[in-house]
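Enquirer: Let me see the structure of the following:
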Amino acid sequence: MEFSESGGTRTSIPRPSAPQLWLGHGRTVGWRLRSALRPPTPPPGAAPWGTTLEDPVTGKVRLSGALYRARPPLASRRGLLVTVHGLGGCVASPYMVRSAVEAVNRGLDVLALNLRGADRSGEDFYHAGMVADLEAAVRSAEELSEGAPVIVAGFSLGGHLALRWSASDARELGHEDGAGEGAGGSSPKPGAAAVAGLCAPLELSTGSRAFEGPGTWLYRRYILSCLSSLYGAVTRRHSGAVGTRRVPVSLPEAREIGTLREWDRRVVAPRHGFDDEEDYYRRASAAPRLHQLRLPSLWMGSLDDPMVPARVVAPVLERMRARSPQLSVGWIQRGAHLAFTTEETVTPWPAGEGEMSAVAGDSVFDQVLRWLEAKAGIEPLESDSTRVP
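Expert: Predicted coordinates:
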């Protein structure tokens, strides 16, 4: 079975069955409930991380996060992984903690990034195209890695941001002086060697419309609740600025917002200088810029994802694949939205393309890490070659 785009173009990505989609809901909710009851334990020895950057509206903005160092016998600076959370998440989100554990177990250091305001500090609030935050984290990671390669993995909205960053030009990354490679500095030297976006939306407008369907009510309320919590910290810290560009609406008004599109129209757009939500989606979306990817970039998704439906992203991938030589695509059958298990194999798409080799015992994120490591020129672990496929 195949997907059909609105214009009639068909894609070669298999369509999940209705029962598979309902099971995707169950996996997504069940994984989050299990994570709430038994939160994952982060790697030992986490250190706080922070940096600052300049914003044209708010001035100096502080970013925070956590730095995990690989421990003996693998503490040999194989590389440093920067991770980026999804919408409403933070460095303490279960998928962020689990990814840090898996990366440290592979001998990678990890810089887990809180996008601006995600730590509930009230500094500001982020959006899906906030490449300046990731650029600041990657430049810091370059120093922390002591010459070892830097790689990036983002989850959900963080995955979109990672791909959008990979496709950004010098101006968007804040290199107004043209510093970097390429004519006029239009293609700055990337601070990372490869990126991956997991369960990431690609076209923000179509993605937000899909997120308004009746089957997403529970996710929508959860995400909006998290965003209201983040925004509440901003309103408390800058109470005198309510009604200005910095704090567009009051907290009670923000709490009454019922859809993501309305949130983007009333909160995100005025704060970050967009005309409305559609202008924001157009200017921030990664999809139309995938042909500009500066470095090897992996998009990986689940056929049963209820929050970033395969029917929405598949036509984009079909359209852009031939125009995006740096883009690789992988699918898993049963991963829902970031509810990955060790039983799934990431399958390259189209079949036979790419380097997503599966090894027995690998988790989904292990497979993504091995792809990133290979693209970054990081020597494989001895255990990778000794495990039986």
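
Enquirer: all contacts plus neighbour counts: C-alpha atoms, from now on.
Expert: Will do.

Enquirer: Going by residue numbers, what spans are helices in the stretch 151-300 of the chain?
Expert: 157-166, 204-210, 217-237, 251-255, 260-263, 269-272, 277-284 (DSSP state H, counting those that start in this stretch).

Enquirer: Mean neighbour count, the ones you listed: which tops it?
Expert: Highest mean neighbour count of the helices of the stretch 151-300 of the chain: helix 157-166, a mean of 30 (counted as mean count of other Cα atoms under 10 Å).

Enquirer: what's the closest of the helices of the stretch 151-300 of the chain to Y95?
Expert: helix 157-166 (11.7 Å; Cα to Cα).

Enquirer: Make TSV out of the helices of the stretch 151-300 of the chain and add mean pLDDT.
Expert: Below are the helices of the stretch 151-300 of the chain laid out as TSV (pLDDT from 0 to 100):
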stretch	mean pLDDT
helix 157-166	98
helix 204-210	95
helix 217-237	95
helix 251-255	96
helix 260-263	97
helix 269-272	96
helix 277-284	98
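
Enquirer: what about R98, which helix or strand?
Expert: According to DSSP states H and E, R98 maps onto helix 94-105.

Enquirer: Can you pull out the residues in contact with that helix?
Expert: For helix 94-105, the surrounding residues in contact (Cα atoms under 8 Å, 6 or more residues apart in numbering) are 35, 39-43, 68-71, 74, 81, 83-85, 90-91, 109-110, 112, 338, 365-366, 369.

Enquirer: Mind doing that once more with 6 Å?
Expert: 42-43, 70 (Cα atoms under 6 Å, 6 or more residues apart in numbering).

Enquirer: would you turn those residues into a markdown table with distance to L173?
Expert: Formatted as a markdown table, those follow (distance: Cα to Cα, whole Å):
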| residue | distance to L173 |
| --- | --- |
| P42 | 31 |
| P43 | 31 |
| A70 | 29 |
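
Enquirer: pLDDT-wise, what's the bottom of those?
Expert: Minimum pLDDT across these is recorded for A70, with 91.

Enquirer: Do I have it right that that one meets G107?
Expert: Yes. Shown here, A70 and G107 form a contact pair, counting by Cα atoms under 6 Å, at 5.1 Å.

Enquirer: Okay, now the unreliable bits of the chain?
Expert: For the chain, residues meeting the criterion pLDDT under 70 lie at 1-14, 73-76, 175-189, 351-361, 384-389.

Enquirer: how many other residues sit next to the closest residue to A284 other than its chain neighbours?
Expert: Closest residue to A284 apart from its sequence neighbours, by Cα to Cα, 6 or more residues apart in numbering: G129 at 4.6 Å. Counted with other Cα atoms under 10 Å, residues neighbouring G129 total 25.

Enquirer: Look up how far I223 lies from L63.
Expert: Here L63 is placed at a distance of 21 Å from I223 (Cα to Cα, to the nearest Å).

Enquirer: Extract the CA atoms of stretch 140-158 and return them as CSV.
Expert: Written as CSV, here are the backbone C-alpha positions of stretch 140-158 (Å, rounded to 0.1, in the frame of the first residue of the first chain):
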residue,chain,number,x,y,z
SER,A,140,30.3,25.3,22.9
ALA,A,141,30.5,21.5,22.2
GLU,A,142,33.4,22.1,19.8
GLU,A,143,35.4,23.4,22.7
LEU,A,144,34.2,20.7,25.2
SER,A,145,35.0,17.9,22.7
GLU,A,146,38.8,18.7,22.7
GLY,A,147,39.0,18.0,19.0
ALA,A,148,36.8,15.0,18.9
PRO,A,149,33.9,15.0,16.4
VAL,A,150,30.6,16.6,17.4
ILE,A,151,27.3,15.0,16.3
VAL,A,152,23.7,16.1,16.9
ALA,A,153,20.5,14.2,17.6
GLY,A,154,17.1,15.9,18.1
PHE,A,155,13.8,14.4,19.1
SER,A,156,10.4,15.5,17.7
LEU,A,157,10.5,19.3,17.5
GLY,A,158,14.2,19.1,18.5
